[in-house]
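> Based on what follows, work out the 3D shape:
(one chain, ligands or ions: 2)
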Amino acid sequence: MTPLYHDFAGETVVVFGGGSVGARKARGFDDAARVVVVSPAFDERLHEFADDTDANGGEGPAIELVRAAPEAAAVGDWLDRFDPALAVAATDDAAVNGAVESAALDRGVLVNRTDVSGERDPGSVVVPATVEDDPVAVALSTGGTSPALAKALRERIEAEIDGAGEMARISGEIREELKAEGVAPEKRREAVRRVVRSRGVWKALQKGRSYGRQEADTVIEEVLDR
Ligand SMILES: C[C@@]1(CC(=O)O)C2=NC(=C\c3[nH]c(c(CCC(=O)O)c3CC(=O)O)Cc3[nH]c(c(CC(=O)O)c3CCC(=O)O)/C=C3\N/C(=C\2)[C@@H](CCC(=O)O)[C@]3(C)CC(=O)O)/[C@H]1CCC(=O)O
Ligand SMILES: NC(=O)c1ccc[n+]([C@@H]2O[C@H](COP(=O)([O-])OP(=O)(O)OC[C@H]3O[C@@H](n4cnc5c(N)ncnc54)[C@H](O)[C@@H]3O)[C@@H](O)[C@H]2O)c1
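Ligands and ions are numbered 1, 2, ... in the order given. Next up is the predicted model:
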């Protein structure tokens with residue numbers, strides 16, 4: 001398994017199965033993609049998300065619900081209808097999940113099977129546990145071996161990367177500023193490395209962005225001997 005970050009903007013994700021797993025997967029993709037859930041019944045959270053018309057930048061419901069229970073042989077037609085970039089197999093019917101997998105693979109559509117772990121067909125993807133502090137994103141997988149461990153590790157990392165989003169913005173800014181000032185690449189790299197590793201800057205960020213930036217400037221002055 002090779003981890004990648006994929007941009008689903010403007011794409012469709014179709015989730016087969018509207019139970020608790022289908023609801024979690026749909027929610028995971030609805031910020032970026034148009035999400036359609038095909039199922040004969042829907043977890044109550046899905047009704048709430050489907051009603052949340054602000055979530056999609058005001059452009060219609062975040063999640064569309066289609067009430068249907070396709071048989072295995074009909075799954076391909078549903079994929080042709082929605083032309084998704086990713087299909088998620090989250091029904092409680094292994095034959096239907098299997099059909100989602102093979103119909104998707106036939107069409108070159110990425111597929112996530114939620115009801116199997118371990119070895120899978122080429123072209124299928126695992127959905128990792130994720131922690132986000134925009135623009136920083138951490139994704140973690142146990143290769144399908146232990147989703148419960150993935151969740152437990154995700155909770156640890158959540159605490160660990162508190163403030164990382166702001167740190168990314170500040171250190172990115174500093175990098176650009178030092179470049180513009182013509183600071184030699186070696187010095188510039190050292191300054192940025194010291195900032196992202198500085199306990200003082202991380203601590204100051206807890207109080208707010210400007211405190212973090214101020215502390216970072218002190219670190220830079222030291223490195224540049226100014
Ligand atoms: C990370 C996360 C993302 C997400 O789903 O959004 C995710 N599972 C999460 C939680 C979770 N899932 C399960 C439990 C109960 C405890 C347990 O059984 O261990 C818990 C924990 C809980 O709920 O507390 C049960 C379970 N999961 C799978 C099976 C099928 C099987 O193993 O055969 C069964 C058994 C069903 C049964 O036997 O009934 C399969 C998969 N689940 C995966 C991802 C993929 C591998 C990820 C990896 O490589 O680690 C994979 C292979 C396929 C996929 O879905 O992509 C999400 C954490 C979200 C978070 O961060 O909180
Ligand atoms: N990946 C994970 O993290 C994870 C966690 C728990 C369970 N699972 C597995 O995922 C599957 C779903 O789990 P769940 O807890 O959401 O189950 P669930 O029973 O709550 O939901 C299954 C949904 O599939 C729908 N469905 C049934 N036949 C269908 C069809 N032909 N087409 C479309 N939808 C159909 C049902 O109406 C229901 O809404 C199970 O097979 C389970 O083994 C995976």
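
> From here on, just use CA atoms for contacts and neighbour counts.
Noted.

> For the nearest residue in space to residue 110 that is not next to it in sequence, grab the count of nearby residues.
Excluding the flanking residues, the one nearest residue 110 by Cα to Cα, 6 or more residues apart in numbering is residue 86, at 4.6 Å. If you count neighbours by other Cα atoms under 10 Å, residue 86 ends up with 23.

> One more: residue 1?
Neighbours of residue 1 (other Cα under 10 Å): 12.

> Can you read off the pLDDT for residue 167?
Residue 167 is assigned a pLDDT of 98 by the prediction.

> so what's it up against?
Contact analysis of residue 167 by Cα atoms under 8 Å, 6 or more residues apart in numbering lists 196, 202, 205.

> need the residues of the chain near ligand 2, please.
16-22, 38-42, 69-71, 90-93, 96, 114-115 (Cα under 6 Å from any ligand atom).

> now residue 137: how far from residue 75?
Per Cα to Cα, to the nearest Å, residue 137 is found 33 Å from residue 75.

> That should have said residue 173, apologies.
In terms of Cα to Cα, residue 173 sits 48 Å off from residue 75.

> before we move on, what about residue 190?
55 Å.

> One more: residue 7?
Distance, residue 7 to residue 75, using Cα to Cα: 25 Å.

> Just to be sure, residue 111 is in a strand?
Yes: per DSSP: H, G, I helix; E, B strand; the rest coil, residue 111 lies within a strand segment.

> contacting residues for the residue nearest to residue 110?
12-14, 109-112.

> go again using 10 Å as the cut-off
The neighbours of residue 86, taking Cα atoms under 10 Å, 6 or more residues apart in numbering as the test, are 8, 11-15, 33, 35, 79, 104, 108-112, 124-125.
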